[in-house]
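Undergrad: below is the sequence, then the predicted model.
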Amino acid sequence: MSFLIETPIGFLPVLAFLTALIYLDSYKLVKLRSIVTTIIVGGISAAAAMLVNIWLLNSFTIDTTIFTRYVAPPLEEILKATYIVILMKRQRIGFPVDGAIYGFAIGTGFALIENIYYMSALENSSIVLWIVRGFGTAIMHGGTTAIFAIIARTMADRSTSAITALLSGLLVATIAHSLFNHFVLPPVIMTLLLVIFFPLLIIVVFNRSEKATRNWLGMGMDADTELLEVITSGGLSQTRVGRYLESLKTSFSGAVVADMLCFLRIYLELAVRAKGILLMREAGFEISSDPEIRAKLEELKFLERSIGKTGKLAILPFMNISSRDLWQLYLVER
């Protein structure tokens, strides 16, 4: 009978929080398939953390309290953060809000596997323990990784170096994890504070992120559409873009400059498409996949190889492509 009570308490709170995050995402930045994959990665991270923790405790003479407070937190946060780093490297995270969702999903998978382990290992556990683990430890695992992703993405958007952004996020996540393991306050009180604090933090992040999304959509859509119209109308030679491309002929062959123009046109078409998808999602519409998108992405990759790294560097300053602009190409590919 106690198993039927302990299991929902140990597993449902963190899943409920993750569901709430997905529901709050009005732009639907993260697909359900990606979330499921991320939860599985979080579970793998938990299994790896448990194996490493057991090995460290068996191989070295470390006080359990010291280990729990100062060794386990950085180790576990690094393992959880690794997938976020991969996603950022691959331009899969465009805003702090999707970073928060991915981060909490990893923490959810981590907490689920960890709670399964403790549920099988502890025979005579109390309801209080599972309240702390379900509402406290599980939410902590999701929250710290979400905080890491939020800080890393926010600092990266401010042109902070990637290493500084990642280390800053990791430091804050590790400190928060360590403080939770110190149990300065009684476990139930710590759990209650966490359940209050984390939703407030997420509400602030979602509001700021959605405002940033609207600003980016507004300015980006106008600029991309205007430039695309100029290119397709045939009046490019009279514009600053045309004069810039003309000047490149002194350094590149005419064929390469023509490929640069094609690269720019296709990129803008995809950029406008991506922003349109987000606007439609916010309005409650789901856009079906377009088979032409895959062909355009393949052509864009071909042109990127054709103009080479030097050619791409020559037009990147003019295009002003940020990590968020590159992320939108992933959006139309999904």
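TA: Sure thing, it's come through.
Undergrad: C-alpha from now on. contacts and neighbour counts both.
TA: Noted.
Undergrad: where's Val36, which helix or strand?
TA: Assessed by DSSP states H and E, Val36 sits inside helix 32-59.
Undergrad: now do the buried residues in that helix.
TA: Across helix 32-59, burial judged by 16 or more other CA atoms under 10 Å covers 35, 38-47, 49-50, 53.
Undergrad: please, where are all the helices along this protein?
TA: In the chain, helices defined by DSSP state H lie at 2-24, 32-59, 64-66, 72-89, 96-121, 127-131, 138-157, 162-182, 187-233, 240-247, 254-282, 291-319, 323-333, listed in chain order.
Undergrad: give me whichever of those is most buried.
TA: Most buried of those, by mean neighbour count (mean count of other CA atoms under 10 Å): helix 138-157, with a mean of 26.
Undergrad: between the buried residues of helix 32-59, which is closest to Leu24?
TA: Nearest to Leu24 among those, counting by CA to CA, is Ile35 at 14.5 Å.
Undergrad: distance check, the closest one against Ser233.
TA: According to CA to CA, to the nearest Å, Ile35 stands 42 Å off from Ser233.
Undergrad: just Leu268 next, same as before
TA: From Leu268 to Ser233 the distance is 14 Å (CA to CA).
Undergrad: what's the answer for Met260, then?
TA: For Met260, the distance to Ser233 equals 17 Å [CA to CA].
Undergrad: what sits against Gly99?
TA: The contact partners of Gly99, by CA atoms under 8 Å, 6 or more residues apart in numbering, come to Ile84, Ile93, Ala146, Ala149, Ile150, Arg153.
Undergrad: quick check: the two most widely separated of the residues you listed?
TA: Among the contacts of Gly99, Ile93 and Ala146 lie farthest apart (CA to CA), at 12.2 Å.
Undergrad: mind giving me the packing neighbours of the helix holding Val36?
TA: The contact analysis (3 or more CA pairs under 8 Å, 6 or more residues apart in numbering; DSSP states H and E) places helix 32-59 against helix 72-89, helix 96-121.
Undergrad: of all these, which one comes closest to Lys249?
TA: Of all those, helix 72-89 comes closest under CA to CA, at 32.9 Å.
Undergrad: taking helix 162-182 as reference, get the angle to that closest one.
TA: Between helix 72-89 and helix 162-182, the angle comes out at 150 degrees (axes from the mean of the first three to the mean of the last three CA atoms, to 10 degrees).
Undergrad: hmm, who's touching helix 72-89?
TA: Contacts of helix 72-89 (CA under 8 Å, 6+ apart): 41-42, 45-46, 49, 53, 93, 99, 102-103, 106-107, 110, 144-145, 148-149, 153, 166, 170, 173-175, 177-178.
Undergrad: go again with 7 Å.
TA: Helix 72-89 has contacts (CA atoms under 7 Å, 6 or more residues apart in numbering) with 42, 45, 49, 93, 103, 106, 145, 149, 170, 173-174, 177-178.
Undergrad: ok, Ile113 touching Ile44?
TA: No. In this structure Ile113 lies outside contact range of Ile44 using CA atoms under 7 Å: 8.3 Å.
Undergrad: from Ala212, how far out is Phe285?
TA: Distance of Phe285 to Ala212, computed by CA to CA: 21 Å.
Undergrad: Leu297 now?
TA: For Leu297, the distance to Ala212 - CA to CA - is 26 Å.
Undergrad: where in the stretch 201-334 of the chain is pLDDT low?
TA: 210, 213-222, 234-236, 238, 240-241, 282-284, 286-290, 316-334 (pLDDT under 70).
Undergrad: next one: the stretch 51-200 of the chain
TA: For the stretch 51-200 of the chain, applying pLDDT under 70 flags the ranges 122-132.
Undergrad: repeat the analysis, applying 80 as the threshold.
TA: 94, 118-136, 157, 159-160, 187-188, 199 (pLDDT under 80).
Undergrad: mind checking how far the residue of the chain most remote from its centre is from Thr191?
TA: Ranked by distance from the centre of the chain (CA atoms, centre = their mean), the top residue is Thr250, with 41.4 Å. For Thr250, the distance to Thr191 (CA to CA) stands at 66 Å.
Undergrad: center of the protein - which residue?
TA: Centre of the chain computed as the mean C-alpha position; nearest residue by CA atoms, centre = their mean is Gly99, 2.8 Å away.
Undergrad: look up how far Ala72 lies from the residue nearest to Val36 when sequence neighbours are not counted.
TA: Excluding its sequence neighbours, the residue lying closest to Val36 (CA to CA, 6 or more residues apart in numbering) is Ala105, at 7.9 Å. Using CA to CA, one gets 20 Å for the distance from Ala105 to Ala72.
Undergrad: just Phe206 next, same as before
TA: 30 Å.
Undergrad: can you give me phi and psi for Phe95?
TA: When read as degrees, to the nearest 10, the backbone of Phe95 gives phi -140, psi 160.
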